[in-house]
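Trainee: what's the 3D shape of this:
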Amino acid sequence: MAELDISDEPSTVTPRKPRRGWPVFTVIAIALIAFLAGGVGGSFQGKLAEVQKNDNASYLSASAESTIVADESAKFVTVETIPGFVVFHRDGPLTEQDKESIADAATAVTQVPGVDKTGMAPVQYSEDGTTAALFVPLVAKSDGTQVQGDVLAETEQHVMDAARSAAAAELEVLPAGPGGLLVAFIDAFQGLDGALLGAALLVVILILLVVYRSPVLWIFPLLSAMLALGLSSMVIYFLAKQDILTLTGQSQGILMVLVLGAGTDYALLLIARYREELHAYPNRFDAMIRAWRESAPAITASAVTVILGLLCLTFSELNSNKSLGPVTAIGIACTYLVMMTFLPVALATAGRWVFWPRVPHVDHAADLTAHGTWGRISTAVGNRARPAWIGTTVLLIALCAIGIGSLQTDGLTSTENFTNNPEAAQGQAIYDAKFPQGTGAPAVIMTDADAAEQVIAVAGGVEGVATAPGSVCLQIDYAKVAGLNLGTGAPAAAPTGCPPPQLTVQPIDGRTVVTATLADSYDSPEALETIERLRTAVHAVPGADALVGGNSAATLDVQTASVHDRNLIIPIVLVVIFLVLAILLRALLAPLILIATVVLSFAATLGVCGFFFTHVFHFAGADQAFPLFAFVFLVALGIDYNIFLMTRVREESLTHGTRSGVLRGLAVTGGVITSAGVVLAATFAVLGVLPLVFLAEIGFAVAFGVLLDTIIVRSVLVPALSYDIGKRIWWPSALAKAED
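Mentor: Model (predicted):
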């Protein structure tokens, strides 16, 4: 029977006094710099919205077909726009008074700054006479200058205010189209710094109060995390301002919770070791130096693992993923810097009283907690190691099987992306029900001018392309896709028809534009399938060099790139993490086992997500990028806790043998690692505050996965398996041959 014996624990003998030399003063100097930089950087946190980019172009690479089309199309225009609609609806037929007020609304909208009034089309009326739609293109880029997201949102709000003020009071007036939905997406991130940060801080404060049972101590890790967030915000702001990296709304949200969660984790580990050493050292600075040196390897390895794992995203085709890696890696690096400099200096300077009412004194009892709950857990794991790891493995496999088949990652439409029902989604639903769904966002085909007629003929015969007259047009004025506006200042044609010949434009560099109206809504699965058929058809036209772009094509390219990124990056992350673990643990078998357990935990998490997303939350599905994001965060962060555990196990194994080292390591680290897991899970869970399905799904997946990893994998599976294998787990190092 395994017993946890700590009678010969080295810390019961006062360690030799740590050296105090220039490294200590270096840490203090860096701490002061981090404090000042973090304080100044706090002001940049609120400015990150100014450098956000949330359009498809910010997600796609320059090599994507839709991006190439957008770049070619820009040669024809000086003003690029995003298509949008204002929908006027009543339950019964529109009256003449309604129609007059709608005409007044159209006039009022033309006066709104930021609206391309030359590209506006006459009001459309539905066949049943209950609904009218006004096409309102929003200026997205003028003379090469990109319009910021907050400006677009403000323009959209002015459009709706103008339309509602002029329209009859009985009419329901709603935004719709790609422009309206994009603005709704941007609006979802408005107040990000307030709602999300406030919720995350409240959760962290409550958990730290429970963990530390001190009214003071929680301030130090939280202040440090906020300084880290300010420092990372400042760095990211300047890089995004110079277009060195792309910051999206979802990247900013993930950055915030990642910094708070990881920072609190590092603080918990350092403070736990500091409290332990305060029982052995009368001088608190000596205790902190010892704690810093003993915890630094694990925290450093954790930070390096997460940073390298996140930087693997730079292999992505998607700009959003490619830049998410550096954005979050910068966050972790800044967090590591602050937590390893400012936090220890602040704690040691403040003194022992910060632990009140449980102030640690010199009594050489640092490990008496091993006789408590985690001591009993570690003993139980040792007594039934083989049944424990077999049982937990079966449990994880069962969780995987429960819902992995129902996890749909085929993508979401724009309206399905919201957990709430914004006005733009309501307007889009009415528009789709009353008008041809593909109107307003046609496919844009760039082709050699000499082959344009043949391209038009081929495109018109593709299944899914609208068959109404004028659905496929050459050099039309009404080419409102991905910012394309070929207007010349003359009145625009109706959305479903071609303009008269005088509105056409001349070819540029032998190239011209053909647009094809789709039969289905621009971001529906049917529309994306049509784009695939359309590309196949026009690519085959001899001498045309035809390319298909537009909103639907951009959505398809994003989804295709997401699948590519998932298949490429996941293996790279596994290899990187294995190498880090092999170097840290100086073994090959242990890293393989640790990675296998985390991957099994990830699979179990996907199974639970599939069940909850489908049967509990009733989401329409998940984004193609969901498995990749969930994997990177769960594996990179989940391996953290195994690093914290196994570095301590190895330290104990050097003195007491592997099996005893496993039990001692679990007993000593169990409480702090579980607390860290709860904090990280809680911070990611608050992503559900934002009304976006993707972030809600990521938040749930990471929160559940971290708890599963902390409570089951790290507390039972890993120590039980390590105990059962014994010293062979350190193969091929010398420790594998030592006495156990």
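Trainee: averaged pLDDT, stretch 433-451. What do you get?
Mentor: Mean pLDDT, computed over stretch 433-451, is 85.
Trainee: just give me the neighbour total for residue 280.
Mentor: Using other CB atoms under 10 Å, residue 280 has 21 neighbouring residues. For the C-beta atoms, the positions are set from N, CA and C on the backbone; glycine is no exception.
Trainee: ok, now residue 351?
Mentor: So residue 351, with other CB under 10 Å, has 10 neighbours.
Trainee: over to it: give its phi and psi.
Mentor: phi 100, psi 180 (degrees, to the nearest 10).
Trainee: for it, which non-adjacent residue is spatially closest?
Mentor: residue 284 (6.1 Å; CB to CB, 6 or more residues apart in numbering).
Trainee: wait, isn't that neighbour in contact with residue 352?
Mentor: Yes: using CB atoms under 8 Å, residue 284 is in contact with residue 352, at 5.9 Å.
Trainee: any chance you could map the helices in the stretch 51-200 of the chain?
Mentor: Secondary structure of the stretch 51-200 of the chain (DSSP state H, counting those that start in this stretch): helices located at 56-59, 65-73, 96-110, 149-166, 177-188, 197-212.
Trainee: residue 72 and residue 676: what is the separation?
Mentor: Per CB to CB, to the nearest Å, residue 72 is found 51 Å from residue 676.
Trainee: right, and the helix or strand after the helix or strand in which residue 629 is found?
Mentor: Per DSSP states H and E, residue 629 falls inside helix 626-656. Sequence-wise, the next helix or strand downstream of helix 626-656 (DSSP H and E) is helix 658-685.
Trainee: what's the angle from the helix or strand just after that following helix to helix 658-685?
Mentor: Going down the chain from helix 658-685, the next helix or strand is helix 693-708, by DSSP H and E. Here helix 693-708 points in a direction 160 degrees away from that of helix 658-685 (axes from the mean of the first three to the mean of the last three CA atoms, to 10 degrees).
Trainee: using CSV, write down the CA coordinates of stretch 597-616.
Mentor: The C-alpha trace of stretch 597-616 is given here as CSV (Å, rounded to 0.1, in the frame of the first residue of the first chain):
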residue,chain,number,x,y,z
THR,A,597,-3.4,12.3,-22.1
VAL,A,598,-4.0,15.8,-23.2
VAL,A,599,-5.1,14.8,-26.7
LEU,A,600,-7.4,12.2,-25.2
SER,A,601,-8.8,15.0,-22.9
PHE,A,602,-9.2,17.2,-26.0
ALA,A,603,-11.2,14.5,-27.8
ALA,A,604,-13.4,14.0,-24.8
THR,A,605,-14.0,17.8,-24.7
LEU,A,606,-15.0,17.8,-28.4
GLY,A,607,-17.5,15.0,-27.6
VAL,A,608,-19.1,17.0,-24.8
CYS,A,609,-19.1,20.1,-26.9
GLY,A,610,-20.9,18.3,-29.7
PHE,A,611,-23.6,17.2,-27.2
PHE,A,612,-24.1,20.6,-25.6
PHE,A,613,-23.9,22.6,-28.7
THR,A,614,-26.6,20.5,-30.4
HIS,A,615,-28.9,19.4,-27.6
VAL,A,616,-28.5,22.0,-24.9
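Trainee: distance between that stretch and the chain's centre?
Mentor: Averaged C-alpha coordinates place stretch 597-616 at 18 Å from its chain's average position (CA atoms, centre = their mean, to the nearest Å).
Trainee: what sits closest to residue 303 if chain neighbours are left out?
Mentor: residue 336 (4.1 Å).
Trainee: from what I can see that neighbour touches residue 266, true?
Mentor: Yes: counting by CB under 8 Å, residue 336 touches residue 266, with 6.9 Å between them.
Trainee: common neighbours of these two, please.
Mentor: Overlap of the contact sets of residue 336 and residue 266 (by CB atoms under 8 Å, 6 or more residues apart in numbering) consists of 299, 303.
Trainee: counting neighbours, go ahead and name the busier of the two.
Mentor: residue 266 (30 against 21).
Trainee: which one is the more buried one nearest to, not counting chain neighbours?
Mentor: Counting by CB to CB, 6+ apart, the residue nearest residue 266 is residue 339, at 4.2 Å.
Trainee: in contact with the one you found, which residues?
Mentor: Residue 339 neighbours (CB under 8 Å, 6+ apart): 221, 224, 228, 263, 266, 267, 270, 299.
Trainee: 10 Å instead?
Mentor: 34, 221, 224-225, 227-228, 262-267, 269-270, 299, 303 (CB atoms under 10 Å, 6 or more residues apart in numbering).
Trainee: export stretch 242-252 to CSV, keeping only CA atoms.
Mentor: C-alpha atoms of stretch 242-252 as CSV (Å, rounded to 0.1, in the frame of the first residue of the first chain):
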residue,chain,number,x,y,z
GLN,A,242,1.8,49.8,-38.5
ASP,A,243,-0.1,46.9,-40.1
ILE,A,244,2.6,44.5,-38.9
LEU,A,245,-0.1,42.3,-37.5
THR,A,246,-3.9,42.2,-37.8
LEU,A,247,-6.1,42.6,-34.7
THR,A,248,-9.6,41.3,-34.9
GLY,A,249,-12.4,41.6,-32.3
GLN,A,250,-12.2,38.0,-31.5
SER,A,251,-8.4,38.2,-31.1
GLN,A,252,-8.8,41.0,-28.6
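Trainee: which SSE is the closest residue to residue 466 other than its chain neighbours in?
Mentor: Using CB to CB, 6+ apart and skipping the chain neighbours, the partner closest in space to residue 466 is residue 517 (4.3 Å). Assigned by DSSP H and E, residue 517 belongs to strand 511-518.
Trainee: counting by contacts, list what that strand packs against.
Mentor: Secondary-structure packing of strand 511-518 (3 or more CB pairs under 10 Å, 6 or more residues apart in numbering; DSSP states H and E): helix 65-73, strand 438-448, helix 452-460, strand 472-474, helix 525-539, strand 547-549.
Trainee: which secondary element of the protein has the worst mean pLDDT?
Mentor: The helix or strand of the chain with the poorest confidence is helix 56-59; it has a mean of 61 (mean pLDDT, DSSP states H and E).
Trainee: tell me the most buried of the helices of the stretch 51-200 of the chain?
Mentor: Of those, the one with the most neighbours on average (mean count of other CB atoms under 10 Å) is helix 177-188, at a mean of 25.
Trainee: before we move on, the earlier item: and the strand holding residue 517, which residues are buried?
Mentor: Within strand 511-518, the residues that count as buried by 16 or more other CB atoms under 10 Å are 511, 512, 513, 514, 515, 516, 517, 518.
Trainee: mind putting these in a markdown table, pLDDT and distance to residue 637 included?
Mentor: Conversion of those to a markdown table gives the following (pLDDT from 0 to 100; distance: CB to CB, whole Å):
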| residue | pLDDT | distance to residue 637 |
| --- | --- | --- |
| 511 | 88 | 48 |
| 512 | 88 | 51 |
| 513 | 87 | 47 |
| 514 | 87 | 48 |
| 515 | 86 | 46 |
| 516 | 88 | 45 |
| 517 | 86 | 46 |
| 518 | 89 | 41 |
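Trainee: looks like residue 737 contacts residue 587 (just checking).
Mentor: No: the criterion here is CB atoms under 10 Å, and residue 737 misses it with residue 587 at 12.0 Å.
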